[in-house]
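> Have a look; sequence and predicted model below, questions after that.
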Protein chains: 4
Amino acid sequence: MSYARQLLDTYPGTAGVDAGVLAVAIDALSDCVQACAADVDADLSEQNVRDMVTCIRLCLDCADVCAAALGVTSRQASYDANVTRPLLQACVAICKSCGDECERHARHHEHCRICEQACRRCEKACRELLDTMN
Amino acid sequence: MSYARQLLDTYPGTAGVDAGVLAVAIDALSDCVQACAADVDADLSEQNVRDMVTCIRLCLDCADVCAAALGVTSRQASYDANVTRPLLQACVAICKSCGDECERHARHHEHCRICEQACRRCEKACRELLDTMN
Amino acid sequence: MSYARQLLDTYPGTAGVDAGVLAVAIDALSDCVQACAADVDADLSEQNVRDMVTCIRLCLDCADVCAAALGVTSRQASYDANVTRPLLQACVAICKSCGDECERHARHHEHCRICEQACRRCEKACRELLDTMN
Amino acid sequence: MSYARQLLDTYPGTAGVDAGVLAVAIDALSDCVQACAADVDADLSEQNVRDMVTCIRLCLDCADVCAAALGVTSRQASYDANVTRPLLQACVAICKSCGDECERHARHHEHCRICEQACRRCEKACRELLDTMN
């Protein structure tokens, strides 16, 4: 069981959302932050770095937005839909764009295929968390 | 002139938004991240720390969301309204909430008055940046 | 297999350190960032929040230092011992302090027991990564 | 007067270090985080992006390490030399490396000249903060 799930299960306050859905989102956000940071570095090591510039930029944005969502969703006591909803929408949008761009390079660059998987999983998990907030 | 403005003025690509409005937003986001981090620590030093719990949580969320917006807006080449718009909306919402909560404590705690100013200025700057994106 | 390990195995450049040790450290750093953020929020929900102030501060420092080390170690191509070594030493020191403080609360607060585990594992993984750099 | 200085002057606890030196360091760290993020994006916009890969990597590391130091130094109550000292040493090392690399490109790329200034100022401010801790 991930630390995120264990911490949710021992939370002293009242959670505003389903702990299972939330734990999956937190783990996916955390993985996505790391995968995007690593993919930037792998992209920078490629011979055809000029072709990777869009991928690098999207990965940088994706890492930043997911890191913020990771922090905010980890502090579950303060859920404010006016903040959490647009933040998760930004996450969904950047994970979609970054996943699509990584997919374009996935045939040639295995690291982009793996980063794509992390982005897709994070996009899906953030969508599901958004759904529970309606 | 701030580093943000100088860097915008020497940018090799084509900026998608007004450099003046953008530089003001970047500087305000940067200040807000620091002010919120410092206010959390000051709140934790107060005798009545239980009364400060909401303020601490909002400042933590505000710092995280503003840090993400700082990164994304600093990488101006990649402006994607599907990402930037909800992210700035999340910024406006948390700066408003955090500023309001800091204002409640401003009479008793000078550090909250200063953090309130940073939040208000950041909220305003993000609203203006959002307006230029329409 | 974690994304970190998969990304290391598909890295186009030459890694400066053992991929197994590095992947364990990256995963431990990532978990520790999230556990510390969640523990801060859980601490803030406790009745005896005044007793948790030291724990909150150490968790905030631990999350920040581990997040930086996560970024730097994820960009493996650029290993510069003059930067990585003191950064990992700072990680070891804050994980030790934060783990010790969490242990003091572990009997009463289960979330601190879990955060302690994440800190201890991260401290150990960073020490082992430091050892491979000698 | 910067928010950092104002917040230090209204701090309810006892500061462990000189407020003037600390405020200068906090402002320099904050500027350096932003300048490095902006310089990465400017580098990615250059025709000769392959020549900028080292600069991009160093700027990414510099932004991450300075962001951590910004958080830790903003929470002044918890100064623990075992953490703060190696963290600031990592800052000094990466600001030196990043400033040197930016200097190499400064003649051709004005944005690197500005980023170099932010790195040099931050290196100096972190050194001076380290000196006050001895």
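Cool, got the structure. Computed from a predicted structure; not experimentally measured. Residues are numbered from 1 along each chain as shown, chains lettered A, B, ... in the order given.
> C-alpha only now, for contacts and for neighbours.
Will do.
> where does the most far-flung residue of chain A relative to its centre land in three-state SS?
Distance from the centre of chain A peaks at A:Q47, with 27.4 Å (CA atoms, centre = their mean). Classification of A:Q47 using DSSP: H, G, I helix; E, B strand; the rest coil returns coil.
> Give the buried residues for whichever helix or strand A:Q117 is part of.
A:Q117 is part of helix A:110-132 when elements are defined by DSSP states H and E. Buried residues in helix A:110-132, counting neighbours by 16 or more other CA atoms under 10 Å in any protein chain shown, are found at A:110-127, A:129-130.
> how about the strand or helix carrying A:A90, does it reach chain B?
Element membership of A:A90, judged by DSSP H and E, is helix A:81-105. Yes. Helix A:81-105 lies within reach of chain B by CA under 8 Å from any CA of the partner chain, at A:N82, A:V83, A:T84, A:R85, A:P86, A:L87, A:Q89, A:A90, A:C91, A:A93, A:I94.
> can I assume the first one is in contact with B:A93?
Yes. Contact between A:N82 and B:A93 holds when scored by CA atoms under 8 Å: they sit 6.1 Å apart.
> which regions of chain A sit below the pLDDT cut-off?
Of all residues in chain A, those with pLDDT under 70 make up the ranges A:15, A:77-78, A:134.
> how much space between the nearest residue to A:H105 once chain neighbours are set aside and C:V17?
Nearest residue to A:H105, sequence neighbours excluded (CA to CA, 6 or more residues apart in numbering or on different chains): A:C112, at 6.1 Å. A:C112 sits 22 Å away from C:V17, going by CA to CA, to the nearest Å.
> go on, A:A28?
To C:V17, A:A28 is 26 Å away according to CA to CA.
> Helix or strand: which one has the residue nearest in space to the middle of chain A?
The residue lying closest to the centre of chain A (CA atoms, centre = their mean) is A:L29, at 3.5 Å. A:L29 is part of helix A:19-44 when elements are defined by DSSP H and E.
> So that helix, near chain C or not?
Yes. Using CA under 8 Å from any CA, we find that helix A:19-44 touches chain C at A:S30, A:D31, A:Q34, A:A35, A:A37, A:A38, A:D39, A:V40, A:D41, A:A42.
> quick one, what contacts the closest residue to A:Y3 other than its chain neighbours?
Leaving aside its chain neighbours, A:Y3 sits nearest to C:A35 (6.4 Å; criterion: CA to CA, 6+ apart). Contacts of C:A35 were listed using CA atoms under 8 Å, 6 or more residues apart in numbering or on different chains, and they are A:Y3, A:A4, A:L7, C:I114, C:C115, C:A118.
> A:C122 contacts A:Q34, correct?
No. Counting by CA under 8 Å, A:C122 sits too far from A:Q34 to count as a contact (11.9 Å).
> Please list the residues of chain A that sit near chain D.
Residues of chain A lying near chain D (CA under 8 Å from any CA): A:D41, A:L44, A:V49, A:R50, A:V53, A:R57.
> Please repeat the previous calculation with a cut-off of 10 Å.
A:37, A:40-41, A:44-50, A:52-54, A:56-57, A:60 (CA under 10 Å from any CA of the partner chain).
> Just the buried residues of these.
Neighbour counting with 16+ other CA under 10 Å marks A:37, A:40-41, A:44-46, A:49-50, A:52-54, A:56-57, A:60 as buried within the residues of chain A next to chain D.
> Distance check, A:P12 against chain D.
25 Å (CA to the nearest CA, to the nearest Å).
> Just give the number of residues close to that residue.
As a burial measure, A:P12 scores 19 neighbours (other CA atoms under 10 Å in any protein chain shown).
> Phi and psi next, for it.
Main-chain dihedrals, A:P12, degrees, to the nearest 10: phi -70, psi -20.
> A:Q47 now?
phi -60, psi -40.
> so it touches C:P12, yeah?
Yes. Using CA atoms under 10 Å, A:Q47 makes contact with C:P12 at a distance of 9.3 Å.
> okay, and the common contacts of A:C122 and A:Q34?
Here A:C122 and A:Q34 share the contacting residues A:C66, scored by CA atoms under 10 Å, 6 or more residues apart in numbering or on different chains.
> List the buried residues in stretch A:65-84.
Buried residues in stretch A:65-84 (16+ other CA under 10 Å): A:65-79, A:83-84.
> Can you check the distance spanned by it, start to finish?
End-to-end span of stretch A:65-84 (CA to CA): 12 Å.
> what about the residue nearest to A:M133 when sequence neighbours are not counted, is that helix, strand or coil?
Nearest non-adjacent residue to A:M133, counting by CA to CA, 6+ apart: A:V17, 7.1 Å away. Here A:V17 is recorded as coil under three-state DSSP.
> Number of residues surrounding A:V17?
Neighbour tally, A:V17, other CA under 10 Å: 15.
> Likewise for the one 10 residues further on?
Summarising burial for A:D27: neighbours were counted as other CA under 10 Å, giving 21.
> A:D64 and B:L129, how far apart?
19 Å.
> now swap in A:H105 and tell me
Taken as CA to CA, the span from A:H105 to B:L129 is 33 Å.
> One more: A:A63?
Taking CA to CA, one finds A:A63 at 22 Å from B:L129.
> Same check on A:L88?
Taking CA to CA, one finds A:L88 at 20 Å from B:L129.
> same thing with A:A81?
Where B:L129 is concerned, A:A81 sits at a distance of 22 Å (CA to CA).
> Pull out the buried residues from the residues of helix A:81-105 next to chain B.
With burial judged by 16+ other CA under 10 Å, the buried subset of the residues of helix A:81-105 next to chain B is A:V83, A:T84, A:R85, A:P86, A:L87, A:Q89, A:A90, A:C91, A:A93, A:I94.
> In this structure the fourth one contacts B:A93, no?
Pointing back at A:P86 there. Yes. Proximity of A:P86 to B:A93 meets the contact threshold set by CA under 10 Å, at 9.2 Å.
> overlap in contacts of those two?
Contact criterion CA under 10 Å, 6+ apart; residues shared by A:P86 and B:A93: B:L87.
> Can you tell me which residues in chain A are near chain B?
Neighbours of chain B within chain A, by CA under 10 Å from any CA: A:54, A:57-58, A:60-73, A:75-95, A:97.
> Could you rerun that using 8 Å?
Applying CA under 8 Å from any CA, we find that chain A lies next to chain B at A:54, A:57-58, A:61, A:64-65, A:67-69, A:71-72, A:75, A:78, A:82-87, A:89-91, A:93-94.
> contacting residues for the residue nearest to A:H105?
By CA under 8 Å, 6+ apart, the neighbours of A:C112 are A:D39, A:C102, A:E103, A:H105, A:A106.
> Quick check: the farthest pair among the residues you listed?
Greatest spacing in the contacts of A:C112, by CA to CA: A:D39 and A:E103 (12.5 Å).
> who has more neighbours, those two?
Set side by side, A:D39 and A:E103 show more neighbours around A:D39, with 31 against 20, by other CA under 10 Å.
> Contact partners for that one?
Per CA under 8 Å, 6+ apart, neighbours of A:D39: A:I56, A:C59, A:H111, A:C112, A:C115, C:L7.
> could you redo the last one with a cut-off of 10 Å?
A:45, A:55-56, A:59-60, A:102, A:109-116, C:4, C:7-8, C:10-11, C:74-75.
> what's the answer for A:A42, then?
A:36, A:49, A:52, A:56, A:109-112, C:7-8, C:10-13, C:74-77.
> Now A:L58. Nearest residue, chain neighbours left out?
In space, and not counting its chain neighbours, A:L58 is closest to A:C98: 5.3 Å by CA to CA, 6+ apart.
> Oops, could you answer that again for A:A38 instead?
Closest to A:A38 by CA to CA, 6+ apart is C:S74, at 5.0 Å.
> just the angle between the helix holding A:A90 and helix A:110-132, please?
Compare the direction of helix A:81-105 with that of helix A:110-132 by axes from the mean of the first three to the mean of the last three CA atoms, to 10 degrees and you get 150 degrees.
> so what does helix A:81-105 touch, helix or strand wise?
If contacts are counted by 3 or more CA pairs under 10 Å, 6 or more residues apart in numbering or on different chains; DSSP states H and E, helix A:81-105 sits against helix A:19-44, helix A:53-74, helix A:110-132, helix B:53-74, helix B:81-105.
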